[in-house]
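Student: what would the 3D arrangement of this be:
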Amino acid sequence: MKKDKFNSFQEFYPFYLSEHKNLTNRSLHFVGTSLSLVNIFLALQTGNLVFILIGILFGYGFAWVGHFFFEKNKPASFNYPVWSFMGDWVMYKQVLFGEIPCFKPWTAK
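Tutor: Got it, this is the predicted structure:
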């Protein structure tokens, strides 16, 4: 589902999800975003803005590993930085509330 131009976030988001089909990629996004939230909290608690930088590195670092090594595509943030940022938070909420899968079910053998 490639498209050069989107007129709204509602148009963009299905494309965003299509770029995140691999569950490992999605899981890495979820972990990276969670670590970003922890670092934002630490920055607010300590006043140390280095935690903001660390949070950004965690968020994008985990996501880019997911794209380059598991999904094998280019992150949508390269072409759509604002909508991709928004899409990550919408996907995070959907994963958090079980609306879309993220982690593969673990079963003991």
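
Student: switch to C-alpha atoms for all contacts and neighbour counts from now on
Tutor: Noted.

Student: and D88, how many neighbours?
Tutor: 21 (other CA atoms under 10 Å).

Student: how much space between the closest residue to F85 other than its chain neighbours and E19?
Tutor: Distances taken as CA to CA, 6 or more residues apart in numbering place S77 nearest to F85, at 7.2 Å, with adjacent residues excluded. Taken as CA to CA, to the nearest Å, the spacing of S77 relative to E19 amounts to 11 Å.

Student: between these two, which has more neighbouring residues?
Tutor: Between S77 and E19, counted using other CA under 10 Å, E19 has the larger neighbour count: 20 against 17.

Student: pull the longest helix from this structure.
Tutor: Of all the elements of type helix in the chain, the one with the most residues (DSSP state H) is helix 23-46.

Student: buried stuff in the next helix or strand after it?
Tutor: Sequence-wise, the next helix or strand downstream of helix 23-46 (DSSP states H and E) is helix 50-65. Within helix 50-65, the residues that qualify as buried are 51-52, 54-56, 58-60, 62-65, counting by 16 or more other CA atoms under 10 Å.

Student: mean confidence score for helix 50-65?
Tutor: Confidence over helix 50-65 (mean pLDDT, whole number) is 97.

Student: again, but for stretch 74-81
Tutor: pLDDT averaged over stretch 74-81 equals 93, rounded to a whole number.

Student: pull the residues that contact that stretch.
Tutor: Residues outside stretch 74-81 that contact it (CA atoms under 8 Å, 6 or more residues apart in numbering) are 16, 19, 63-64, 67-68, 83-85.
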